[in-house]
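Asker: I'd like to go over a predicted model; first the sequence, then the structure.
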Amino acid sequence: MPQQPPPVQGAVYGVVLNDRASLARLGAAVREAPYKGEPKAPVLYIKPANTLVGEGAEVRLPAGADRVEIGATVGIVIGAPAARLDAATALQAVAGYVLVADLSLPHASYYRPAIREKCFDGACPMAAAIVPAAPARPAGLAPAELYATTLRTFVDEAPAGERTLADLVRDVPRLLADVTEFMTLRVGDVLLLGVQYQAPQAGAGTRVRIEGGRLGSLSFAIAPSPAREQRP
């Protein structure tokens, strides 16, 4: 399958601990140092331009890595300059949604910048098309339909995991309002809804597919790191 370009060119921001399932899996650890409680504001990181790839991509693992976590999620695509949004009207800044695989090397802690783990080349595959959002388009994807979506992950066509968007800590309007309180999102930027803690994993030499209902599907391959390639 030939690789298609990602459908966006803006900055991509991720968020962690934005679903109740992840907080439940962390259990008492979320109340330990350094934060001693659930996040009071969105916990953000960036997926830089080198991570962005499209449908059909081959993602090569970094040297020394043999597995990757597949964080099935959805990106909010910004359609109007967004600063200090109010949750009641924040959806007016949304152009649409895109299915995303937020890839990470397995790591144990959220409490330090996971640059190597989250920012390697190809670590943010995106589906080929943006699904328009309501109210941007009358027939666009409405919030209730988005939150009812189940994201299913398959590795070599075997079910590997699924998650629902119904248990978000911050829904789309609240997340946009909280993030734009301190930073401006520009047209074409993408804000990911978040990944689950302990997401499904895939090894080198596998093919991954994510299904997302009206959001479509996303397929890509995981290639071995240079250090693990077979030499003649």
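Answerer: That came through, no problem.
Asker: OK, contacts around A93?
Answerer: Shown here is A93, whose contacts under the criterion Cβ atoms under 8 Å, 6 or more residues apart in numbering are I78, G79, A80, P81, A82, L85, L176, L185. C-beta here means a position set from N, CA and C on the backbone, and glycine is covered the same way.
Asker: Look up phi and psi at it.
Answerer: A93 adopts backbone torsions of phi -90, psi 0, taken as degrees, to the nearest 10.
Asker: Closest one of the contacts of A93 to E157?
Answerer: I78 (34.0 Å; Cβ to Cβ).
Asker: on that earlier part again, could you identify the buried members of the contacts of A93?
Answerer: For the contacts of A93, a burial check counting by 16 or more other Cβ atoms under 10 Å picks out I78, G79, A82, L85, L176, L185.
Asker: Sort out for me which of the contacts of A93 are in strands.
Answerer: Using DSSP state E, the subset of the contacts of A93 located in strands is I78.
Asker: With pLDDT and distance to S217 added, can I get the contacts of A93 in TSV?
Answerer: Conversion of these to TSV gives the following (pLDDT from 0 to 100; distance: Cβ to Cβ, whole Å):
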residue	pLDDT	distance to S217
I78	97	23
G79	96	23
A80	95	28
P81	95	31
A82	97	28
L85	97	30
L176	98	26
L185	97	26
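Asker: The contacts of A93 into CSV, with extra columns for distance to A93?
Answerer: Formatted as CSV, the contacts of A93 follow (distance: Cβ to Cβ, whole Å):
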residue, distance to A93
I78, 6
G79, 6
A80, 5
P81, 8
A82, 4
L85, 6
L176, 7
L185, 8
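Asker: Run through who's touching the helix or strand of the chain with the lowest mean pLDDT.
Answerer: Least confident element among the helices and strands of the chain, by mean pLDDT, DSSP states H and E: helix 20-26 (a mean of 79). Residues external to helix 20-26 that are found in contact with it (Cβ under 8 Å, 6+ apart): V16, L17, V30, E38, R163, D167, L168, V169, G194, Q196, Y197, Q198.
Asker: Wait, D189 touches Q9, no?
Answerer: No: contact between D189 and Q9 fails when scored by Cβ atoms under 8 Å: they sit 9.5 Å apart.
Asker: who has more neighbours, the two?
Answerer: Neighbour tally, D189 and Q9, criterion other Cβ atoms under 10 Å: the higher count belongs to D189, 21 against 11.
Asker: Grab the nearest non-local neighbour of that one.
Answerer: Ranked by Cβ to Cβ, 6 or more residues apart in numbering and with sequence neighbours excluded, the top spatial neighbour of D189 is G10, at 3.9 Å.
Asker: Verify the stated contact: the one you found with I130.
Answerer: No: with contacts counted by Cβ under 8 Å, G10 stays clear of I130, the gap being 11.7 Å.
Asker: and the helix or strand hosting Y45, what other elements does it pack with?
Answerer: In this structure, Y45 sits in strand 43-47 according to DSSP states H and E. Strand 43-47 sits against strand 12-16, with contacts defined as 3 or more Cβ pairs under 8 Å, 6 or more residues apart in numbering; DSSP states H and E.
Asker: Which parts of this structure are strands?
Answerer: Under DSSP E, the chain gives strands at 12-16, 43-47, 52-53, 58-60, 67-78, 94-104, 124-125, 131-132, 150-155, 158-164, 190-192, 201-203, 206-211, 217-223.
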